[in-house]
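# below are the sequence and a predicted model; questions follow.
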Amino acid sequence: MNLLDYLIKSGYDKPISQKILTAPSSKDFQLIFKFLFSKIDPTVDFDKKFEDEVPVLLKGIKYPFANEISKSQLYAVGSMHAWPGLLAMLSWLVDLIHVYEAFEDAGNDSDPIDDPEGIFFDYLCKSYKIFLAGGDDYDDLIKDMSSCFGICNFELNNCIDVKNERILNDIEERAIRIEALNTEYNSLIGDISPLEKVEKDKLTYSQDIEKFSKFIEHLHLRKSKFIENISRLEEEINIAGKAVLLIIENELKTIDDARADLQRQIDAQDISPEDIDRMNSEKELLSKNLESLIAAKEEASKIFWDKELAAQKQLDIVEKLLLEYSQAVERINKTILDACGIDISQLLISMKSSLSSSYDEPLIDKNIEQDIMVQSKRFH
C-alpha cells in the first residue's frame, strides 16, 4: 500500500491527492508527518521547532537514512532535490506502521498457549508505551505475563505434539520451497549471469562511445575545413563580384556613351515628317520583298533537295551496276566464257540493251564498252 492509499484509508482528515503529493507545501508535509508519527508514538507533542525535531525523531526510531535528512530539505520540501528523499522517508514510516500494526494484531489474536514468544513481545510493547509516556510502573504487566506463562506451563505438555506437527509441516513446506529455489538457481546459473551480460553490454557501449567520439572529432575537423573553404570562397566571390561589377559599369558607360553619340547623330540629322513617311513606306515594301524572297528561297531549297535525292538514287544504281560489272569481270577471268563459247561482244550488247530499256539515260558509255573489249582480248 502506498502513501496516498494509507492516508485515505487510515482516516487522514486533511485534503490529500496525488497532485498534493507531487509537490507538497511545507504545511502539507508537516501535517502528513505528524499524522504518521502519531501512529508510531502517540505521546509525541511536537512542541519544538519542526525542522529541529524531525531529525531527532527519525534517529530515535532508527531510520537508516536519518543523517541525510537536513534542515534545508525540511525548509524546501517541494523542491526537486529534497522531495524524493522525504517521500521515501514517509513511505518507510508507512511500512513501519504496517509492521507495528501486524505485530499488534498477532498479539491480540494469538493464543498464549501457542505463542509464548508473543506473550513476551506483547509485554515489551506495552512496557515501551509506558516508558514513552514517562512512567516506570510495570508491575501489572509483569503479573499478566506471569499468569500467561503459568497457563502455558500447565498446558505445555498437551501442546507439544501439536507444535511438533506444525513444525514438521513447516519443514516439509520449506523443503519444497528450497527444491523450487534450487531448480530456479540451476536454471539461472546455466545462462549468462545478468552481471556478465551488463558488463558485456557496457564494453560494447564503451567501444561505441569511443567510435562515436572519434567520428565526432572527424566531423569537427571537416567542419573546420568547410568553414575555411567557405570563407575563402566568399572572399573570392566578393573579389570576383567587384571585378564583374566594375566590368559591367564600364560596359554600361560604353553603352551610354554610344547611345549618347547616336542620339547626337540623330539630333544632327535634318529629317522632315515626309521623309519619315517615305522611309516607313520603303521599309514596308522591303519587308514584303524580303518575305517573298524567303518563300522563294524555301521553295528553291525544296526543289534542290528533291533533285539531290533523285541524283543520289541514280548514283546508288550506278554503284550497284558497277559492282555487278566487277563481279562479272571476275567470273570472266576464270575462263567461264572460254568453256561455254560465249561471245563477249554479244554479252555487252545484251547488257547494254537491258540497261537502256530500264533507264532513260545510258549508264554504260562507249568508253566502258571498249575497255571491256580490250580486257577480254587480254584474257583470250
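Thanks, I have it. Numbering: from 1, shown residues only.
# so who does residue 58 touch?
66, 69, 89 (CB atoms under 8 Å, 6 or more residues apart in numbering). From N, CA and C alone the C-beta is placed, and that goes for glycine too.
# which one of the residues you listed is nearest residue 251?
Nearest to residue 251 among those: residue 69, at 85.1 Å, using CB to CB.
# for the longest helix along the chain, packing partners?
Counting residues, the longest helix found in the chain (DSSP state H) is helix 194-268. If you count contacts as 3 or more CB pairs under 8 Å, 6 or more residues apart in numbering; DSSP states H and E, helix 194-268 packs onto no helix or strand.
# on that earlier part again, just send the contacts of residue 58 back as CSV, with secondary structure and neighbour count too.
CSV is the format used below for the contacts of residue 58 (DSSP: H, G, I helix; E, B strand; the rest coil; neighbours: other CB atoms under 10 Å):
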residue, secondary structure, neighbour count
66, helix, 16
69, coil, 19
89, helix, 20
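# with distance to residue 49 as new columns, can those residues be given to me in JSON lines?
As requested, those are exported to JSON lines (distance: CB to CB, whole Å):
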{"residue": "66", "distance to residue 49": "17"}
{"residue": "69", "distance to residue 49": "15"}
{"residue": "89", "distance to residue 49": "18"}
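# closest one of those residues to residue 289?
Residue 289 has its nearest neighbour among the contacts of residue 58 in residue 89, at 111.4 Å by CB to CB.
# quick check, that closest one in contact with residue 64.
No. Between residue 89 and residue 64 there is no contact under CB atoms under 8 Å: 10.0 Å.
# tell me the secondary structure of residue 80, please.
Following DSSP: H, G, I helix; E, B strand; the rest coil, residue 80 is assigned to coil.
# please work out how many residues are found near it.
The local packing of residue 80 (other CB atoms under 10 Å) involves 8 other residues.
# quick one: it from residue 236, how far?
54 Å (CB to CB, to the nearest Å).
# and for residue 2?
70 Å.
# what do you get for residue 94?
Going from residue 94 to residue 236 by CB to CB gives 74 Å.
# please apply the same query to residue 218.
27 Å.
# lowest confidence element among the helices and strands of the chain?
helix 366-379 (a mean of 51; mean pLDDT, DSSP states H and E).
# give me the domain ranges for this structure.
Domain ranges of the chain: 3-109, 204-267, 294-379, per automatic domain parsing.
# what is the nearest of the contacts of residue 58 to residue 59?
Using CB to CB, these come closest to residue 59 at residue 66, 4.5 Å.
# right, and the closest one touches residue 85 too?
No. Using CB under 8 Å, residue 66 is not in contact with residue 85, being 11.0 Å away.
# okay, now residue 119: neighbour count?
For residue 119, using other CB under 10 Å, the count is 21.
# now do residue 122
Other residues lying near residue 122 total 22 when counted by other CB under 10 Å.
# relative to residue 103, how far out is it?
9 Å.
# could you do residue 302 as well?
121 Å.
# of these two, give the one with the bigger neighbour count.
Between residue 302 and residue 103, residue 103 has the larger neighbour count (other CB under 10 Å), namely 15 against 10.
# tell me which helix or strand that one sits in.
Residue 103 is located in helix 83-109, with elements delineated by DSSP states H and E.
# list the helices and strands that helix packs on?
helix 3-9, helix 26-40, helix 71-75, helix 116-132.
# how many neighbouring residues does the closest residue in space to residue 123 that isn't next to it in sequence have?
What sits nearest to residue 123 in space, not counting adjacent residues and going by CB to CB, 6 or more residues apart in numbering, is residue 145, at 4.6 Å. Neighbours of residue 145 under the rule other CB under 10 Å: 20.
# what of residue 37?
20.
# return the distance of residue 243 relative to residue 234.
Taking CB to CB, one finds residue 243 at 15 Å from residue 234.
# go on, residue 175?
Distance from residue 175 to residue 234, by CB to CB: 84 Å.
# how far does stretch 53-64 sit from the chain's center?
50 Å (CA atoms, centre = their mean, to the nearest Å).
# make 29 the starting number, not 1.
Got it, the first residue is 29 from now on, which makes the last one we talked about stretch 81-92.
# and it, what's buried?
81-83, 85-86, 91 (16 or more other CB atoms under 10 Å).
# return the subset of these lying in helices.
Checking the buried residues of stretch 81-92 against DSSP H, those in helices are 81-83, 85-86.
# a markdown table for those, including pLDDT?
Formatted as a markdown table, those follow (pLDDT from 0 to 100):
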| residue | pLDDT |
| --- | --- |
| 81 | 88 |
| 82 | 88 |
| 83 | 88 |
| 85 | 88 |
| 86 | 88 |
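# out of those, who's nearest residue 167?
residue 85 (29.7 Å).
# thought the closest one was touching residue 72?
Yes. In this structure, residue 85 is within contact of residue 72 by CB under 8 Å, at 6.9 Å.
# show me the common contact partners of these two, please.
residue 65.
# show me the shaky parts of the stretch 129-278 of the chain.
Scanning the stretch 129-278 of the chain with the threshold set as pLDDT under 70 gives 132-146, 175-189, 191, 218-221.
# ok, back up a step: so which of residue 122 and residue 264 has more stuff around it?
residue 122 (19 against 10).
# skipping adjacent residues, who's closest to the more buried one in space?
Nearest to residue 122 is residue 34, by CB to CB, 6+ apart, at 4.9 Å.
# tell me how many other residues crowd residue 172.
15.
# spatially nearest residue to it (excluding sequence neighbours)?
residue 151 (7.6 Å).
# between the buried residues of stretch 81-92, which sits nearest residue 162?
residue 85 (16.5 Å).
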